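Trainee: Could you look at this predicted model? Sequence included:
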Amino acid sequence: MKHFIFIIFFISINTYAQQVDVMLIGVSHNYSKYPAQDFSGIHNKIRKFQPDAFFGEFLSKEDERLVMDYWCKQDNINRLNMLRNNRNIAAALLPGTIDSLRKLSLSKPQDYRLKTDLAHAYYLDQDVANGHYQFWQVFIYLQQTPDAELENYVNKLLRPQLDTTGRSMKRLKTSEYALIAFPMMREMGMQELLSMDCQDYDLNWGASWVAFDTKFNVFKKDTNTALRAELQSGLDKINAGYDKYANIEKTSKNVTEWLNTDEASAISASGDFYLAELYDMENFPKEEMLSKIHWWIMRNKGMCENVVNRARKEGAKRVVVLAGANHGKYMQDIFNTMPNVRVRNINEFK
């Protein structure tokens with residue numbers, strides 16, 4: 001009888017823990033090229049949703065150590081080496097240092113030198129997401145309250161002026177994190193951003209891309225007149241979509257909401273995957289294209305699994321997930337196949 005009660009208790013706890021409600025926001029990684037954006041609607045939807053956690057498109061510190069090469073690995077290595085040269089902290093001491101600095105920063109929320117130290121420690125621990133969160137808070141403070149002594153300290157310790165490529169401190173300043181995630185996290189008193197990116201398949205993705213481009217360039221040159229017209233018609237459709245995309249980017253103050261429409265998703269996908277109607281053309285490199293699609297889906301699947309597994313580990317029932325716009329529809333479809341997961345994109349919230 002005791003074993004039966006224990007089993008029922010375990011199942012009920014496990015089932016409860018499995019429930020995850022996802023607010024998915026497809027975003028731009030650089031809002032500086034747009035007109036001034038109005039994020040108030042998105043911020044209000046997040047407030048009403050009352051999330052327990054935010055996820056960003058970063059590798060976890062564990063994955064960063066394991067993945068030896070991906071598109072911005074060298075940029076991260078360069079930052080890590082630079083910050084170690086500025087002031088190193090032994091790897092064995094990093095967890096305790098971060099814990100101590102977090103507690104001190106919580107007790108002294110207006111001490112931005114402490115936040116700078118915490119950013120530095122997070123970066124050394126290869127937790128770029130939370131290094132960025134602390135650096136952003138310092139950056140915003142300095143914009144609002146000039147402080148030459150603090151600015152000099154930041155420039156010496158973090159060298160943000162030199163971190164300009166990849167997922168850099170420079171890119172952060174006009175990103176979805178600076179404009180959506182971090183302001184909301186700070187308002188809600190959240191101390192850390194959870195990471196969900198998956199780069200396990202980046203080399204496969206790159207190889208598929210090269211293989212496709214090589215054969216597609218030959219295909220374009222060798223296609224006969226009739227098929228060339230069919231191909232051009234498809235390419236014209238893609239270009240027309242991108243013309244509309246570009247016009248919205250130039251004129252809209254609500255680009256993010258548009259990025260989360262089916263129309264925007266289809267246009268964005270056509271840039272990487274062309275149009276399905278072209279795949280059966282004679283000599284079109286379909287196999288290479290399907291390989292590209294496969295590895296893209298595998299990355300998105302990994303991202304969704306990271307969100308759900310890490311949310312459950314943290315006991316988070318409601319989570320906000322920010323991902324580049326071309327991930328949105330793929331991730332939503334994958335989340336919809338996962339048991340005990342509810343997903344809605346930002347436009348589905350009132």
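Mentor: Okay, I see it.
Trainee: alpha carbons only for contacts and neighbour counts from here, please
Mentor: Will do.
Trainee: Ignoring the adjacent residues along the chain, who's closest to the residue nearest the centre of the chain?
Mentor: Taking Cα atoms, centre = their mean, the centroid of the chain lies closest to E57, which sits 2.1 Å from it. Nearest non-adjacent residue to E57, counting by Cα to Cα, 6 or more residues apart in numbering: D197, 4.8 Å away.
Trainee: ditto for I346
Mentor: Using Cα to Cα, 6+ apart, the nearest residue to I346 is I25, at 5.5 Å.
Trainee: residue boundaries of the strands in the stretch 101-250 of the chain?
Mentor: Taking DSSP state E, counting those that start in this stretch as the criterion, the stretch 101-250 of the chain contains strands spanning 194-195.
Trainee: A strand includes the residue nearest to I346, no?
Mentor: Yes. Applying DSSP: H, G, I helix; E, B strand; the rest coil, one finds I25 inside a strand.
Trainee: ok, now how distant is it from Q199?
Mentor: Shown here: I25 relative to Q199, a distance of 20 Å by Cα to Cα, to the nearest Å.
Trainee: Who has more neighbours out of the two?
Mentor: I25 (26 against 23; other Cα atoms under 10 Å).
Trainee: so that one bridges to which residues?
Mentor: Counting by DSSP bridges, I25 is bridged to L322.
Trainee: Report the separation between it and K237.
Mentor: I25 is 26 Å from K237, by Cα to Cα.
Trainee: What's the end-to-end length of stretch 174-186?
Mentor: 17 Å.
Trainee: Give me the distance from that stretch to the chain's centre.
Mentor: Put simply, stretch 174-186 sits 12 Å off its chain's centre (Cα atoms, centre = their mean, to the nearest Å).
Trainee: What are the contacting residues of it?
Mentor: Contact with stretch 174-186 is made by 27-32, 39, 42-43, 46-47, 54, 56, 133, 136, 172, 191, 322, as judged by Cα atoms under 8 Å, 6 or more residues apart in numbering.
Trainee: Give me the average confidence score over it.
Mentor: Per-residue pLDDT over stretch 174-186 has a mean of 98.
Trainee: Please identify the buried residues of that stretch?
Mentor: T174, S175, E176, Y177, A178, L179, I180, A181, F182, P183, M184, M185 (16 or more other Cα atoms under 10 Å).
Trainee: got it, and stretch 86-104?
Mentor: So stretch 86-104, judged by 16+ other Cα under 10 Å, has buried residues L94, T97, I98, L101, R102.
Trainee: Contact partners for the last one?
Mentor: Contact analysis of R102 by Cα under 8 Å, 6+ apart lists L118.
Trainee: how many neighbours does A264 have?
Mentor: Number of residues near A264 (other Cα under 10 Å) recorded here: 20.
Trainee: Put the alpha carbons of stretch 214-234 into PDB.
Mentor: C-alpha atoms of stretch 214-234 as PDB (Å, rounded to 0.1, in the frame of the first residue of the first chain):
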ATOM      1  CA  THR A 214      27.600  24.600 -55.700                       C
ATOM      2  CA  LYS A 215      25.100  22.500 -57.500                       C
ATOM      3  CA  PHE A 216      22.500  25.400 -57.700                       C
ATOM      4  CA  ASN A 217      25.000  27.700 -59.500                       C
ATOM      5  CA  VAL A 218      25.600  25.000 -62.100                       C
ATOM      6  CA  PHE A 219      21.900  24.300 -62.400                       C
ATOM      7  CA  LYS A 220      21.200  28.000 -63.100                       C
ATOM      8  CA  LYS A 221      23.700  28.100 -65.900                       C
ATOM      9  CA  ASP A 222      22.800  24.800 -67.500                       C
ATOM     10  CA  THR A 223      19.000  25.100 -67.400                       C
ATOM     11  CA  ASN A 224      17.300  25.200 -70.800                       C
ATOM     12  CA  THR A 225      15.300  28.200 -71.900                       C
ATOM     13  CA  ALA A 226      11.900  26.900 -70.800                       C
ATOM     14  CA  LEU A 227      13.100  25.800 -67.400                       C
ATOM     15  CA  ARG A 228      15.000  29.000 -67.000                       C
ATOM     16  CA  ALA A 229      11.700  30.900 -67.300                       C
ATOM     17  CA  GLU A 230      10.100  28.700 -64.600                       C
ATOM     18  CA  LEU A 231      13.100  29.200 -62.300                       C
ATOM     19  CA  GLN A 232      13.000  33.000 -62.900                       C
ATOM     20  CA  SER A 233       9.300  33.100 -62.100                       C
ATOM     21  CA  GLY A 234      10.100  31.400 -58.700                       C
END
